[in-house]
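Chemist: no FASTA, just this:
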Ligand SMILES: Nc1ncnc2c1ncn2[C@@H]1O[C@H](COP(=O)(O)OP(=O)(O)O)[C@@H](O)[C@H]1O
Ligand SMILES: [Mg+2]
């Protein structure tokens, strides 16, 4: 059952109950009024009869006077008078008002107006023994009450119907924003974050609408960011592969070639018995192999940064710095680390921050010094990377994606930490505070 229908039914129930209560109160009052009217009618009738009876003994025509007495009750709303002879025969009876359509029996029963007849024996006169019966006739009053009751119920029902129609329309209008919200939530559920709702409801609703719009905007923004990050990741991967291919080609290829040439030469020198030259060639081979080993280690370091988790943050960072030092010998690196072993997730995030910050410093700042300071303070891990480069990115030749810092922030936020970065007096500083999710071992 829809919420709208439920509310309508509840309102209808409340109206019905209050109408029933109202009708009951009106009924009780009407009964009292009718009782009082009937009582007053009967008292008046008794007085009329009593004063006529007083004059009757002096009457020279009692039969006529009695007929007149009965006739005074013609058309009386409350009482019918009958003169009954000893055999039960009715000599005269007053005319009652015609009743029209009688009210339903249950209504008369509810009012329960049924007072007993009043028998008033005629005093001794020439007329002979007879009794005047005063017969209370509440039927007319009950009928009048029934008409009033019908009018009242009719009025109440029509007001209730009008009220319900208005409630129906008002609820429809009041619920419209919820219908729109429900549609928009459906869209969000289906992955479409473009829908927004108008923020025009009453304060409680407006908060909901504002909350929805904020949520949709954030979902849209984070989806876009995710797309960009994925793209960047794929691009970085490709760049890295190209780098590695170039390194293999440029650094390893020539040395392998040199080694194979040296090996051929050794074979020839040995045949010729030139042992001194052989030793020289062997030294060349050894130095080429050493060079290749270093290159391969560098490559492995870049391919498998998971060494953070395997060998610890210190080893991973030293490898990273060795890699950069090999390529940027003009930059002096300083590294300061806490002696304690850090939780894995925390160390991984710290490594990524340093990796991107050093990358940025080299790319955008062209500094002479890069200082990496990692320390534990107040139960958090503080990671700081300072460089003394241009600090504004002005030295940058390539315009980057701007996603490095975004990615860094997301990593830090995901681990419940905070991140600040930007130019300062000396160059550029990145500072992150990471919550230590697991205790320091
Ligand atoms: N160490 C730094 N020195 C100078 N400018 C920096 C430094 N780090 C970041 N920036 C500036 O911030 C911008 C955003 O950096 P980032 O989000 O990593 O994207 P990208 O490196 O791909 O440009 C850079 O383009 C650069 O202008
Ligand atoms: Mg960057």
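Modeler: In hand now; what should we look at? Keep in mind it's a predicted model, so treat the numbers as computed, not measured. Ligands and ions are numbered 1, 2, ... in the order given.
Chemist: From now on I want contacts and neighbour counts done on CA atoms only, so please keep to that.
Modeler: Fine.
Chemist: if I look at the residue in the chain that ligand 2 sits nearest to, how far off is ligand 1?
Modeler: Across the chain, no residue is closer to ligand 2 than residue 404, which sits at 4.2 Å (C-alpha to the ion). Using C-alpha to the nearest ligand atom, to the nearest Å, one gets 3 Å for the distance from residue 404 to ligand 1.
Chemist: wait, what's in contact with that residue?
Modeler: With contact taken as C-alpha atoms under 8 Å, 6 or more residues apart in numbering, residue 404 is in contact with residue 356.
Chemist: before we move on, what SS does it have?
Modeler: When classified by DSSP: H, G, I helix; E, B strand; the rest coil, residue 404 comes out as helix.
Chemist: need the next SSE after the worst-scoring helix or strand of the chain on mean pLDDT, C-terminal direction.
Modeler: Within the chain, no helix or strand scores below helix 307-311, which has a mean of 69 by mean pLDDT, DSSP states H and E. Counting by DSSP states H and E, the next helix or strand C-terminal to helix 307-311 is helix 313-327.
Chemist: Whichever helix or strand comes after that next one pairs with which strands?
Modeler: Proceeding N to C from helix 313-327, the next assigned helix or strand is strand 332-336, under DSSP H and E. Using DSSP bridges, strand 332-336 pairs in its sheet with strand 369-377 (parallel).
Chemist: which of the residues in the partner strand are buried?
Modeler: Buried positions in strand 369-377, judged by neighbour count with 16 or more other C-alpha atoms under 10 Å: 369, 370, 371, 372, 373, 374, 376.
Chemist: how about the residue lying farthest from the centre of the chain, phi and psi?
Modeler: Here the chain reaches farthest from its C-alpha mean at residue 60, the gap being 97.5 Å by C-alpha atoms, centre = their mean. The phi/psi pair for residue 60 (degrees, to the nearest 10) reads phi -90, psi -10.
Chemist: how far away is it from residue 66?
Modeler: Residue 60 sits 12 Å away from residue 66, going by C-alpha to C-alpha, to the nearest Å.
Chemist: count of neighbours near the nearest residue to residue 200 once chain neighbours are set aside?
Modeler: Among residues not flanking residue 200 along the chain, residue 206 sits closest, at 6.2 Å (C-alpha to C-alpha, 6 or more residues apart in numbering). By other C-alpha atoms under 10 Å, 16 other residues sit near residue 206.
Chemist: So residue 206 sits against residue 199, correct?
Modeler: Yes. When contacts are counted by C-alpha atoms under 8 Å, residue 206 is listed as touching residue 199 (5.4 Å).
Chemist: if we can go back for a sec, adding pLDDT and distance to ligand 2, write the buried residues of strand 369-377 out as a markdown table.
Modeler: Shown next, in a markdown table, are those (pLDDT from 0 to 100; distance: C-alpha to the ion, whole Å):
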| residue | pLDDT | distance to ligand 2 |
| --- | --- | --- |
| 369 | 97 | 18 |
| 370 | 97 | 15 |
| 371 | 97 | 17 |
| 372 | 97 | 17 |
| 373 | 97 | 19 |
| 374 | 96 | 20 |
| 376 | 93 | 26 |
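Chemist: Local confidence estimate at whichever residue of the stretch 1-150 of the chain sits closest to ligand 1?
Modeler: Among the residues of the stretch 1-150 of the chain, residue 3 lies nearest to ligand 1; the distance is 49.8 Å by C-alpha to the nearest ligand atom. Here the pLDDT value assigned to residue 3 is 81.
Chemist: The one 3 residues further on now?
Modeler: Predicted confidence (pLDDT) for residue 6: 89.
Chemist: out of all of them, which helix in the chain is the longest?
Modeler: Looking across the chain with DSSP state H, the single longest helix is helix 3-55.
Chemist: That one packs against which elements?
Modeler: Judged by 3 or more C-alpha pairs under 8 Å, 6 or more residues apart in numbering; DSSP states H and E, helix 3-55 is in contact with strand 79-84, strand 131-136, helix 139-189.
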